[in-house]
Every structure is written in C-alpha cells, then in structure tokens.
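Q: kindly return the folded structure for what I paste below:
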Amino acid sequence: MLTNNFPMLKAATSKKLFMAATAMLALTGCSHNSASSHDGTTPEIEVAEVITDSITIFKTYPGTVTAKNHVDLVPRASGNLVKVYFSGGDLVKQGQVLLSIEDTQYRNAVQQARAQLNTAQSNLEYARTHYDAMAKALLSDAVASIEVAQAKNALEECEAAVQNAKAQLQTAQTNLSYCTITAPMTGHITSAGPSVGAYLSAGSGEVIATIYDDARMNATFFIEDAAVLRMFNNENGRHRLDYSAIPVNLSDTLPHKYTGDLTYMSPNVDESTGTLKLQATVDNPYGELRDGMYATIDLPYKFEPHAMLVKDASIATNQLGKYIYTLNDSNEVVYTPITVGDLYADTLRVVTSGVKPGTRYVTKALLKVREGMKVEPVMSK
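A: Numbering: from 1, shown residues only. All right, here's what the predicted structure looks like:
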C-alpha cells in the first residue's frame, strides 16, 4: 500500500511547490512595483534648485555689553547724609543735585575765611596808605630811608596775607560745595548705598552710587588668533567686509535691533587664552541696553561673491562624507557626494563642489528616496 500511494504523494508535493513559487513571484512583483509607490503611482517629492548669490559669512562670538563710561560717586566732605534726591535706576542729567551732606561746619569755615580776608584787606589798605606817606616824607628828608623800606616790607606782607586769605576762602567754599553732590554726567544711576542720617567720611573711598553713561555702549568680545588671520589678512573680499554695522544680538528679546561699529582691537594676543579682545560701539537711543548684558556678536570674516547654496537640512552624512539626493533630467534620484563650506543665514550651506547652479535636489523625505527611484518633483516654496 505504501508503494501504491507514493505517486499520489509526489504529485501533491509538486503542486504545493508550484503554488509556493507562484506566490513568491507575485510578492516579488508587488515589491518591484512598490519601488515607485505603494499604490503604483510616482511619489511626489519636494525639491529645490541650487542657487548662487554673493554673501558675507559671519562668525558668532559671545560677549557682554557695558556702558561706555561710568563714574562712582564718593564723599569728598565729611558729615551726615541729609537728603537723597533720586531713586535707583533714574536717568539723571549732568549737574543735577543728587545728595546733600550736613554743611554747618563748612559754612562756618567759609564765614571764618571771609572774615580773615576782610581783615587782611583792611591791613593791606592801611599798609599801602602808610607806605605812600613814608615815600612822600622821604622826598623832604622828613624820614629816614630805612623807615620807608620797612613800610614797603609791611605792604608786601599784607599783600601776601590777602592772597593767602583769598586762597583759604576758595578752599572753604570748595569744601562747602562738596556737601552738595551733583551728577558729573548724564546716565542711569544705581540706588544710594548709605541711608539718610549715615555718616560719610571724606577720603574713605566709600561708593555712594554709580552713574552709567549708557547712551553709547561697548560690546566686548574675544576672538581666536586664527580667526584674526582669516578675517584681516585674507585678500578674498576683505575690502568688501563692513565692520561699521556688526549685528549685536541680546540674550533677552528687545523691541529693537542693534548693530555696532568695530572701534577697538587689542594690539596683542593674550598668551594664556590665545584670543584677541575686540570692542564695537553700540548706540542706545531707546535706553534698552544695560551695563552687563550678555550678547552675541556676528563678526563678518569672509565674502563669497559667487557662493552656491543649498538648504542645510537636505544634506546627509555617511562614511564617505556629505551627500545630497539630486534629480536627473528623467526625474530619477541620483546619489551625489558634495563638499560643503560655511553655514549662511542659519539655514543655508555653502557647497564648494559636487553640484552646479540650478541643480535640483531633494529637500524633504530623505529616508523615502533612494538611488534610481523615479519621483514627481514639487518645487519647494
């Protein structure tokens, strides 16, 4: 019985193998058809063209914004603080009265110096009259010449006494003026350190408040010495770089944009850091900038007159380097190795080789395309 059933089993097995082979062929066909799309249509892929433009490449450096000038207010007269005429953060004007110190002793000193001057002037007037009289008497031999010389000496001493008294009065008046502290310049002022009634000592160096002249600010930053060579020694477009309107971006979002004029470059490189100090002057017409703000400075360092640009997000990387997917005239995807340069405007990348201006390349869905795949290109906006 086993011998009689063998042909039937062989036939059944052959039939199953044929059906399996047919199924695999069907699956293979489906897989081949899905190379274009799952529903048999050519997929739409967003593309763009390689563009050319004349651009300036910037390099960003961290920095700080500081007031161009500031001054500390310190007491130059001793006494109790009587009154404060400002609040912290106020914009004070040059010459504006800010504080007053008890001035009784200084007023008394002025009165005393004025009285001494009056006495010295009276003595001078008497000495001058006496000398004139003695000089006339000498002409008639009524007095000895020694007496005239003594009168002249007394006159000169009185003249010197008057000058000394005037100087003492000036000093007393100056010391009295120190009891009223005025703003030496226009700017924003900090809060007063000492409170009303506190004793201030002349010459102590105690800072009462600080005024910041922030109408113009300095944006200070440091660059590596290699960047200096690239930016200032590179003949490639150096004359086309504009250092009078360097973008200065603040960490806090402000209503207005700011640029700075490069006004200072340190004459030497810091040996410990290998960096060079630079400063750009920034106008602050709206009073939004404050001393100590953090900023980033976009310093121009290269001019590219005919740069080829692609979207940075369209560039992929493998073991061989950078590449993009381009389209040929038949709208087929082509794997294209490229050499890239600097980033421009945060989203575009300079391409130095591998493509030509006008070449179409895939900008999105990079994982959905492959070499040789036929697509329907849709130009990106």
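
Q: can you check the pLDDT for residue 38?
A: Per-residue confidence (pLDDT) for residue 38: 49.

Q: low pLDDT regions in the stretch 201-350 of the chain?
A: 229-240 (pLDDT under 70).

Q: any chance you could map the helices in it?
A: 225-233 (DSSP state H, counting those that start in this stretch).

Q: from residue 189, how far out is residue 282?
A: To residue 189, residue 282 is 21 Å away according to CB to CB, to the nearest Å. All C-beta spots, glycine's among them, are computed from the backbone N, C-alpha and C.

Q: residue closest to the middle of the chain?
A: Compute the mean C-alpha point of the chain, and by CA atoms, centre = their mean the closest residue is residue 219, 3.0 Å away.

Q: okay, and the beta partners of that one?
A: The residues listed as beta-bridge partners of residue 219 by DSSP bridges are residue 65, residue 280.

Q: you'd agree it is up against residue 67?
A: No. At 11.5 Å, residue 219 does not count as touching residue 67 under the criterion of CB atoms under 8 Å.

Q: quick check: buried residues in stretch 71-80?
A: Within stretch 71-80, the residues that count as buried by 16 or more other CB atoms under 10 Å are 71, 73, 74, 75, 77, 78, 79.

Q: and those residues, which is closest to residue 202?
A: residue 78 (4.6 Å; CB to CB).

Q: verify the contact between residue 298 and residue 57 for me.
A: No. Using CB under 8 Å, residue 298 is not in contact with residue 57, being 9.9 Å away.

Q: looking at those two, which has the bigger crowd around it?
A: More crowded of residue 298 and residue 57, by other CB atoms under 10 Å: residue 57, with 20 against 17.

Q: over to the more buried one: give its phi and psi.
A: phi -90, psi 130 (degrees, to the nearest 10).

Q: what about it, distance to residue 374?
A: Using CB to CB, we find residue 57 at a distance of 37 Å from residue 374.

Q: again, but for residue 250
A: For residue 250, the distance to residue 374 - CB to CB - is 50 Å.

Q: looking at the two, which one has more neighbours?
A: residue 250 (18 against 15).

Q: and the more buried one, what does it touch?
A: When contacts are counted by CB atoms under 8 Å, 6 or more residues apart in numbering, residue 250 touches 65, 258, 289, 293, 294, 295.

Q: what does residue 371 give?
A: 333, 334, 335.

Q: likewise for residue 78?
A: Residue 78 touches 101, 199, 200, 201, 202, counting by CB under 8 Å, 6+ apart.

Q: swap in 10 Å and give it another go.
A: 101-102, 105-106, 175, 178-179, 199-204 (CB atoms under 10 Å, 6 or more residues apart in numbering).

Q: and residue 202, by the same measure?
A: Residue 202 neighbours (CB under 10 Å, 6+ apart): 74, 75, 76, 77, 78, 79, 101, 175, 178.

Q: before we move on, the earlier item: among the contacts of residue 371, the buried ones, what's the ChimeraX command?
A: Listed next is the ChimeraX selection for buried residues among these, using 16+ other CB under 10 Å:
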select :333,334
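
Q: report the mean confidence score over the longest helix seen in the chain.
A: Under DSSP state H, the helix in the chain containing the largest number of residues is helix 104-139. Taken as a whole, helix 104-139 carries a mean pLDDT of 94.

Q: run the chain-centre distance for that helix.
A: Counting by CA atoms, centre = their mean, to the nearest Å, helix 104-139 is centred 62 Å from the centre of its parent chain.

Q: and it, what other elements does it pack with?
A: For helix 104-139, the contact count by 3 or more CB pairs under 10 Å, 6 or more residues apart in numbering; DSSP states H and E identifies strand 79-84, helix 145-177 as packing neighbours.

Q: how about a cut-off of 8 Å?
A: helix 145-177 (3 or more CB pairs under 8 Å, 6 or more residues apart in numbering; DSSP states H and E).

Q: helix or strand right after the helix it packs on?
A: Per DSSP states H and E, helix 145-177 leads on to strand 180-182 as the next helix or strand towards the C-terminus.

Q: touching, residue 171 and residue 113? I think so.
A: Yes. Under the criterion of CB under 8 Å, residue 171 makes contact with residue 113 at 7.5 Å.
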